[in-house]
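S.K.: how would this look folded up:
(one chain, ligands or ions: 2)
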Amino acid sequence: MSIFNLDILERELSLAKSVAITGHIRPDGDCIGSCTALYQYLMDCRNELGLEQIDIYLEPFGQEFNILSATDIVRHSYDYNDTYDVLITLDCSSLDRLGHATKYFKSAKRTICIDHHITNNYFADVNHVVADASSTCEVIYNLLDYNRITKEIAQSLYLGIIHDTGIFRHTSTSDKTMEIAASLIRKGIDFTKLIDETFTQKTYAQMQILGRALFESVLLMDGKIIASSINLDTMKFYGVTHTDLDGIIDQLRTAKGTEVAIFVYETEDGDNKVSLRSNGLVNVSKIAHFFGGGGHVKAAGFSIKGTANDAIASIIPHIEEQFNSEQEIPNP
Ligand code: 5GP
Ligand code: MN
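M.R.: Numbering: from 1, shown residues only. Ligands and ions are numbered 1, 2, ... in the order given. The predicted model follows:
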């Protein structure tokens, strides 16, 4: 009986004794959900596959994600003496997005990349990239044997899907996404709790910084662009870290009449992290890609040096260019 609906994955894993699972820097819900789902599935099948060691490496993430099983075993520190037969990267479009786990990638005997980013550059030995999937969790779901998906695995997959689709609102949501969500609900998951506790609820400090970012936002290009930024001093003032800024960009995007939302925050190393969202007319993945980043047509990002205002100013000509070329953007 097949454990995976992808022969090469089954073959690679049955030849391995040790596996490391990792995802992109500043992990989001889809990244954490897909890593914990695959980990639990591999743990349940480890005897059949002959696996002796399975670890997850991720950068620190918001404590709301601890609602998922297996988040307690995630390693946030890196002992480079460990090497793995197979390293699997999830939700990661390029090697520069792996952060500290890159060393494990380089020392692993075989590497596998499972992802859904249109900008993925096929950097592993085996690449399984489904660009029209809503999320990496949707890709993972399709690789697994439904009968072996436990309630805990279903929770991880469902969480990833709701985070990457903005709770089934983004155009990346398909009929298949909804069917997958239904079959995960059939596993008995508490989806209301997952949505409330990881998506809707905010700490007081998170609400304050959201309010600050909205209050200080500016409209550019006759209201077609909304932009805002938060620097490290402001984050310190409210006692928040970058994980508390999730959701600000999606709130900016809801401003009526805007086509593109830009949110910039200062990182510890003095860079700026830029998030871009499009309401349909502009392909932001193209812009992010130009600046060395990536993502999806309607949600993308990159890092850039300089001031936040310089970052915003450098993006505007790219948006103008797309408006002037009247191109059609792919869906999603
Ligand atoms: P966010 O704005 O929420 O950080 O990211 C939106 C999308 O763009 C996500 O799919 C994320 O993986 C991708 N993305 C964000 N920043 C970067 C980046 O610096 N490089 C690449 N390759 N992708 C990014
Ligand atoms: Mn994703």
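
S.K.: And the longest helix along the chain, what does it pack against?
M.R.: Longest helix in the chain, counting residues (DSSP state H): helix 308-325. Helix 308-325 makes packing contacts with strand 225-230, strand 260-266, strand 272-278, helix 284-290 when contacts are defined by 3 or more Cβ pairs under 8 Å, 6 or more residues apart in numbering; DSSP states H and E. Heads up, the C-betas are built off the backbone N, CA and C, glycines and all.

S.K.: so which of these comes closest to ligand 2?
M.R.: helix 284-290 (12.8 Å; Cβ to the ion).

S.K.: Please name the residues that touch whichever residue of the chain sits closest to ligand 2.
M.R.: Per Cβ to the ion, Asp30 is where the chain lies closest to ligand 2, at 3.4 Å. Contacts for Asp30 (Cβ atoms under 8 Å, 6 or more residues apart in numbering) come out as Asp91, Ser135, Thr136, Cys137, Gly160, Ile161, His163, Asp164.

S.K.: quick one: pLDDT of the second one?
M.R.: Meaning Ser135. Ser135 carries a pLDDT score of 98 in this model.

S.K.: pretty sure it is touching Phe168, no?
M.R.: No - look at Ser135 against Phe168 with Cβ atoms under 8 Å: they stay out of range, at 10.9 Å.

S.K.: after the helix or strand that contains the residue of the chain closest to ligand 2, next one along is what?
M.R.: Assigned by DSSP states H and E, Asp30 belongs to helix 29-44. Using DSSP H and E, the helix or strand that follows helix 29-44 towards the C-terminus is helix 46-49.

S.K.: buried residues in that following helix?
M.R.: Leu49 (16 or more other Cβ atoms under 10 Å).

S.K.: I'd like the next helix or strand past it.
M.R.: strand 53-57.

S.K.: and that next one, which residues are buried?
M.R.: Those would be Ile54, Asp55, Ile56, Tyr57, for strand 53-57 by 16+ other Cβ under 10 Å.

S.K.: can you check stretch 228-240 too?
M.R.: Ser228, Ser229, Ile230, Thr234, Met235, Tyr238, Val240.

S.K.: and what of stretch 166-176?
M.R.: In stretch 166-176, counting by 16+ other Cβ under 10 Å, buried: Gly166, His170, Ser172, Thr173, Ser174.

S.K.: What is the neighbour count of the nearest residue to the first one once chain neighbours are set aside?
M.R.: So the one you mean is Gly166. Nearest non-adjacent residue to Gly166, counting by Cβ to Cβ, 6 or more residues apart in numbering: Asp250, 6.2 Å away. Number of residues near Asp250 (other Cβ atoms under 10 Å) recorded here: 16.
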